[in-house]
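In: The following block contains a protein sequence and its predicted model.
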Amino acid sequence: MAIEIDISHVARLARLELSDRQLDTYGRQCRELLEHVARIQAVDTEGVEPTSHPLPMTNRFREDRITPETVLGHEEVLAQAPDTEGPFFRVPPAIEEA
């Protein structure tokens, strides 16, 4: 099943300058991808329950527990910072003044 795509139009929308060779290559790749998706969409999935993973999954994360060994003191945290000012982290400004 042939799917046509105007790759030069897509490139213009994405504000990409592509050579003729790149247009041919990307056009072929996009057509192959869209044809593959069309074949997948044609599969009869009647009666198949939607899943996010083919095998059952369980959460393997450990429970978060706060213990004295896992808590750092304020001074210890600030000692690891590249720059501080008093009891605060000093960071570069996010917005420059005009």
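Out: Perfect, I can see it now.
In: Any idea how far apart the tips of stretch 42-59 sit?
Out: The stretch stretch 42-59 measures 33 Å between its terminal residues, going by Cα to Cα, to the nearest Å.
In: So which residues of the protein form helices?
Out: For the chain, the helices defined by DSSP state H occupy 7-13, 20-41, 74-79.
In: what's the span of stretch 12-22 from first residue to last?
Out: One end of stretch 12-22 to the other measures 13 Å (Cα to Cα).
In: starting at the chain centroid, how far to that stretch?
Out: Centroid separation for stretch 12-22 versus its chain: 23 Å, with Cα atoms, centre = their mean, to the nearest Å.
In: buried residues in it?
Out: L18 (16 or more other Cβ atoms under 10 Å). Using the backbone N, CA and C atoms, a C-beta is placed for each residue, glycine as well.
In: still on that earlier bit, got the helices of the chain as TSV, with mean pLDDT columns?
Out: Listed next are these as TSV, based on pLDDT from 0 to 100:
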stretch	mean pLDDT
helix 7-13	93
helix 20-41	93
helix 74-79	92
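In: Now do G27 against S19, distance only.
Out: Plainly put, G27 is 12 Å away from S19 if you go by Cβ to Cβ, to the nearest Å.
In: How about E49?
Out: E49 is 47 Å from S19, by Cβ to Cβ.
In: now swap in P56 and tell me
Out: Taken as Cβ to Cβ, the span from P56 to S19 is 49 Å.
In: again with T70
Out: As judged by Cβ to Cβ, T70 and S19 stand 56 Å apart.
In: Same question for E35.
Out: Here the criterion is Cβ to Cβ. By it, E35 lies 24 Å from S19.
In: What of I3?
Out: Applying Cβ to Cβ, the value for I3 to S19 is 23 Å.
In: and what of A94?
Out: 39 Å.
In: What's the local residue count around D44?
Out: 6 (other Cβ atoms under 10 Å).
In: I'd like the distance between it and L34.
Out: The gap separating D44 from L34 is 20 Å, by Cβ to Cβ.
In: ok, now how distant is the most centrally placed residue in the chain from Q29?
Out: With distances taken as Cα atoms, centre = their mean, the residue of the chain nearest its centroid is S52 (17.1 Å). For S52, the distance to Q29 (Cβ to Cβ) stands at 27 Å.
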